[in-house]
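Trainee: Structure, please.
(3 chains)
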Amino acid sequence: MFNIDFNGEFATFFIFSAIMIIGAVLMVSLQKVVHMVISMAAVFLGLAGMFVLLDAEFVAFVQVLIYAGAVSILMIFGIMMTNHQNKQADPVKPLHETLAAVGALCLFGILFYAIRTTDFPDAQPLQAVEDNTSSIGQLLYTGYVVPFELLSVLLTVAFIGAIAIAKKGAD
Amino acid sequence: MDQLTKAAWLIPLFPFAAFLLLTALGRSYRLAGVLIASIGSLASLVMSLLVFIERLGPNAVDYSGDSYKWIGLGEYTLKIGFEITNLNALMLVIVTVVSFLVNVYSAGYMKKDERITVFYGYVALFTFAMLGLVLSDNMLVFYIFWELVGVCSFLLVGFWYAKPAARAAAKKAFIVTRIGDAGLLLGIIVLFWYMPGHALDFSSIHNVFTEGQSGTITTTITTSIALLLFMGVIGKSGQFPLHVWLPDAMEGPTPISALIHAATMVAAGVFLLARTFDIFEASAAAMHTVAYFGGFTAIFAATVALAQNDIKRILAYSTISQLGYMVMAMGLGSMTGGIFHLFTHAFFKALLFLAAGSVIHAVHTQNIHEMGGLGSKMRITAWTFAIGALSLSGIPPFSGFWSKDAILASALEENPFLFAVGLAAAFCTALYMSRLFFIVFTGKSRLQQPAEVKESSKVMTIPLLVLAIISVGAGFIETPWNGWLGSWLTDGAEDVHASGAAIVASIAVGVLGIYVGWLMYGKGSIERGAAGAKMPWLVHLLERQYYVNEFYDAVIVKTVRAVGKSLNAFDEYVIGGAVRLVGVTAGAGGRVLTRLNNGQTQTYGLTAIIGLIVIIAAIVGRRFW
Amino acid sequence: MLPSYLTMAAILFCIGLYGALVKRNAVIVLLSIELMLNAVNLNLVAFSKYGDVPSLTGQVFALFAITVAAAEAAVGVAVLIALFRARGTVNVDEFDEMKR
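Mentor: Predicted coordinates for the structure are as follows:
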């Protein structure tokens, strides 16, 4: 059904996707919170690998830096600062969980059906440029300079806000 | 002067404007309310008189006013218009005169009532409806106003709604007349169905039923239409067996009894007979039915009136009896007699009621045995009441004699049996009127507080005097030697019914009745209880009004109530059960849904996702079938 | 190749959705949301290479999304810490303020 020749790209893709799916499933099913975060880190890394596969080296680098690095650490800090008892004795809500699982599966079914039935154009794939980082940098500082600056403002506001919120109760 | 007839549609609008103003003003403007209503009815009166005088001229032709197109149904259009004929003009005068005098009288009678403005508003609305009824040029508009006067009657009978009896009487008046109205409506529908071109206006009816077009509508249909219309007459004009509401309607204020339940609204039935007289004339069976119903009602109500003790109920039964006379006259083919009696009766019965109201106002009771000896204290009331009573008893030269004589003369020609019935009723009439008069106005006082009684104020006595003058003089427009009214009403088509025998007989029974009454109740030479002692069952029968109410209660009301109860049970358990089931289902569904609304974000998210999936499934799923 | 990437993204997205709907610890819910955002990024980058009009713009947008997600994670954790101070718990099913 996939009509793909078993070339190098596909093999790599297969490995990365296996890592990511396993990581994601573990994240959902593990009991200890810290383990969940670590399995998430595996997903982030796998995704970074997939970005490399897609000739997006700079995005892969940022992914490793921010997700596998910053966000994971942030979450671990969050867990450490909140969940002292580390208790996971869930009063189970079977109906809710079943419905959520069915809903997620249905959504996946719909998406999969849409992907399978859509007739994607057979365009020439983007050729990998010599220096991905410099190309993106040029694009960011020419065509997308206003959103870029706005984003930097957003980040500043968000981080100051985060500090303010987290600090307020401490006093 | 022709302009005046064309503007006749204004006549009902004066009281209507008064009604609107009074309703808008509210209760605080007591004096202004009285003035507005009186001025409104005075304007109608003046205009009606002018129209009437114009009709007296030599070249008066029937005028049909411009019709306003109300509803168009394909080729057929329903119109609202007005019509002026001699009959209508006469009715206009009757209605506006009595209405205006009652307006004036009520200023005194209702002086202390808190809701006097409301009262005047209702009276103005009634006057509007009654004048509209008189002027209407087709059956449907007639029917609308017919119901409107019924509503006004309901409102005014129940005016003192704090009294349970008044509430009950108002309901009874409305429901009982409704039975007749249903018949009238059916009659109109049948008429609509069979009339050529579905015309409902009176002139077309006249043309169809008189001018030899007997082929268009068969005799059977004509008879059934006439009988259905007559049902409306029975209800509205208090004919047996639907007369029971009229005595109860005396719970309303006395001016209302005079205006609605003596002079105008109850006469609307007779007026309907006159307007559709051609239909009745086309069917002999219908005529006979009408005549016998009228005759029976006349004698029936007259005997009941003999044994009543409430001054207004006596007058009410007298009204029923006199309406019976009118209906009988119609049935005997004497439209002139019926309308003539309607005309005179309106004035002298209004006079009697207003005088009775004056008495009630003074002594605060309606039981005649608690009155007595009032003649010396209330001279004007007593004299005017006497004039009314003599007129009703048929003593010349008072107006009632001439009109009753006209009816009896035509009865003698057409149907000797009904003539005898009429004579007997006339005897009873004279007897109960003399009984009433002698007990109330002569003899010793049997009042609780005799000293307080004094004559009513001028605002109440002047209408009495005016009505008394009319009652004396009104009879001379149609006498055995001068058939002016008859030839004016029917364009000379109807001959004068003159009969020396009838005159002698009617005078004789009238005088005899009064004489017997005087012997029994005035002089006292016949023991009052003599007749009663010998036949207690008869007195009882009469006092209880032949047990008609009890009969209705036992047979009709109980049956209807049983049906109602079973329907109620059906409603309660079957329909109500279904409704409750729906309610319980919705409630249970609601409780289930409440649990969704538990304040937790994840539940909301889940609901949103499921909703999204359902929507996608609904949109995409169509591809698969 | 494109459908494979898209299917992969869909798998990640649905797992993330399930986690966000089911997990009781608010930190893990946040993580699940990050997972969903990552799935979107994968789509963006995949389209930037194999799309109808291949260009670097997709990668730029992925960068923007990563930035916003980082800001969101920072604010989210800060809110969680504040909540934990106020209520002593970060269990999502113990917050039902919206009911009132």
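
Trainee: Quick one: mean pLDDT for the helix ranked longest in chain C?
Mentor: In terms of residue count, the longest helix belonging to chain C (DSSP state H) is helix C:57-87. Across helix C:57-87, the average pLDDT comes to 89.

Trainee: what sits against A:Leu140?
Mentor: When contacts are counted by CB atoms under 8 Å, 6 or more residues apart in numbering or on different chains, A:Leu140 is found next to A:Phe148, C:Val60, C:Leu63. Bear in mind the C-beta positions are built from the backbone N, C-alpha and C, glycine included.

Trainee: pLDDT score for the spatially most central residue of chain B?
Mentor: Taking CA atoms, centre = their mean as the criterion, B:Val266 is the residue nearest the geometric centre of chain B, at 2.3 Å. You'll see B:Val266 listed with a pLDDT of 84.

Trainee: one step back: would you mark the buried spots in the longest helix of chain C?
Mentor: C:57-67, C:69-84 (16 or more other CB atoms under 10 Å in any protein chain shown).

Trainee: The residues you listed: which ones sit near chain A?
Mentor: Filtering the buried residues of helix C:57-87 for neighbours of chain A using CB under 8 Å from any CB of the partner chain leaves C:57, C:59-60, C:62-64, C:66-67, C:69-75, C:77-82, C:84.

Trainee: For A:Thr82, which non-adjacent residue is closest in space?
Mentor: Once flanking residues are discounted, A:Thr82 sits nearest to C:Phe84: 4.2 Å by CB to CB, 6 or more residues apart in numbering or on different chains.

Trainee: correction: B:Gly486
Mentor: Closest residue to B:Gly486 in three dimensions, ignoring its sequence neighbours and counting by CB to CB, 6+ apart: B:Thr336, at 3.8 Å.

Trainee: distance of that neighbour from B:Leu45?
Mentor: To B:Leu45, B:Thr336 is 24 Å away according to CB to CB, to the nearest Å.

Trainee: Check B:Val97 too.
Mentor: As judged by CB to CB, B:Val97 and B:Leu45 stand 6 Å apart.

Trainee: B:Met326 now?
Mentor: 23 Å.

Trainee: out of those two, which sits in the busier spot?
Mentor: Each of B:Met326 and B:Leu45 has its neighbours counted (other CB atoms under 10 Å in any protein chain shown); B:Met326 has more, 33 against 23.

Trainee: Let's verify that one: helix, strand, or coil?
Mentor: Local secondary structure at B:Met326 is given as helix here, using DSSP: H, G, I helix; E, B strand; the rest coil.

Trainee: Check the one 3 residues further on too.
Mentor: For B:Ala329, the secondary structure call by three-state DSSP comes out as helix.

Trainee: before we move on, the earlier item: in which helix or strand does the residue nearest to the centre of chain B reside?
Mentor: In this assignment (DSSP states H and E), B:Val266 forms part of helix B:265-275.

Trainee: Could you check the strand or helix carrying A:Phe14 and say which residues are buried?
Mentor: According to DSSP H and E, A:Phe14 maps onto helix A:8-29. Of the residues in helix A:8-29, those buried under the neighbour-count criterion (16+ other CB under 10 Å) are A:Phe13, A:Phe16, A:Ser17, A:Ile19, A:Met20, A:Ile21, A:Gly23, A:Ala24, A:Val25, A:Leu26, A:Met27, A:Val28.

Trainee: Run a quick neighbour tally on the closest residue to the fourth one other than its chain neighbours.
Mentor: The shortest distance from A:Ile19 to any residue that is not its chain neighbour, by CB to CB, 6+ apart, is 3.9 Å, and that residue is A:Gly46. Using other CB under 10 Å, A:Gly46 has 25 other residues around it.

Trainee: For A:Gly46, identify the helix or strand it belongs to.
Mentor: A:Gly46 is located in helix A:33-53, with elements delineated by DSSP H and E.

Trainee: Show me what that helix is packed up against.
Mentor: helix A:8-29, helix A:57-62, helix A:72-82, helix C:2-22, helix C:26-50 (3 or more CB pairs under 8 Å, 6 or more residues apart in numbering or on different chains; DSSP states H and E).

Trainee: and if we set it to 6 Å?
Mentor: Packed against helix A:33-53 by the contact rule (3 or more CB pairs under 6 Å, 6 or more residues apart in numbering or on different chains; DSSP states H and E) you find helix A:8-29, helix A:57-62, helix A:72-82, helix C:26-50.

Trainee: The ones you listed: which one's closest to B:Ser41?
Mentor: Of all the helices and strands packed on helix A:33-53, helix C:26-50 sits nearest to B:Ser41, with 83.4 Å by CB to CB.

Trainee: What's the mean pLDDT across the closest one?
Mentor: Per-residue confidence for helix C:26-50 averages out to 90 on the pLDDT scale.

Trainee: quick one, it and helix A:8-29 angle?
Mentor: Using axes from the mean of the first three to the mean of the last three CA atoms, to 10 degrees, one finds that helix C:26-50 and helix A:8-29 are set 160 degrees apart in direction.

Trainee: hmm, who's touching helix C:26-50?
Mentor: By CB atoms under 6 Å, 6 or more residues apart in numbering or on different chains, the surrounding residues in contact with helix C:26-50 are A:36, A:40, A:47, A:51, A:54-56, A:59, A:75, A:78-79, A:125-126, C:2, C:5, C:9, C:12-13, C:16, C:19-20, C:23, C:58-59, C:61-62, C:65, C:69, C:76, C:80, C:90, C:92.

Trainee: Of those residues, keep whichever come out buried.
Mentor: Among the contacts of helix C:26-50, those scoring as buried are A:36, A:40, A:47, A:51, A:54-56, A:59, A:75, A:78-79, A:126, C:2, C:5, C:9, C:12-13, C:16, C:19-20, C:23, C:58-59, C:61-62, C:65, C:69, C:76, C:80, C:90, C:92 (criterion: 16+ other CB under 10 Å).

Trainee: what about residue 45, how many residues close to it?
Mentor: No chain specified, so I'll use chain A. For A:Leu45, the number of neighbouring residues by other CB under 10 Å comes to 20.

Trainee: The chain in question should be chain C.
Mentor: Residues contacting C:Val45 under the criterion other CB under 10 Å number 27.

Trainee: cool, B:Ile11 as well?
Mentor: By other CB under 10 Å, 27 other residues sit near B:Ile11.

Trainee: In this structure it contacts B:Met130, no?
Mentor: No - contact status for B:Ile11 versus B:Met130: not in contact, 10.7 Å apart, counting by CB atoms under 6 Å.
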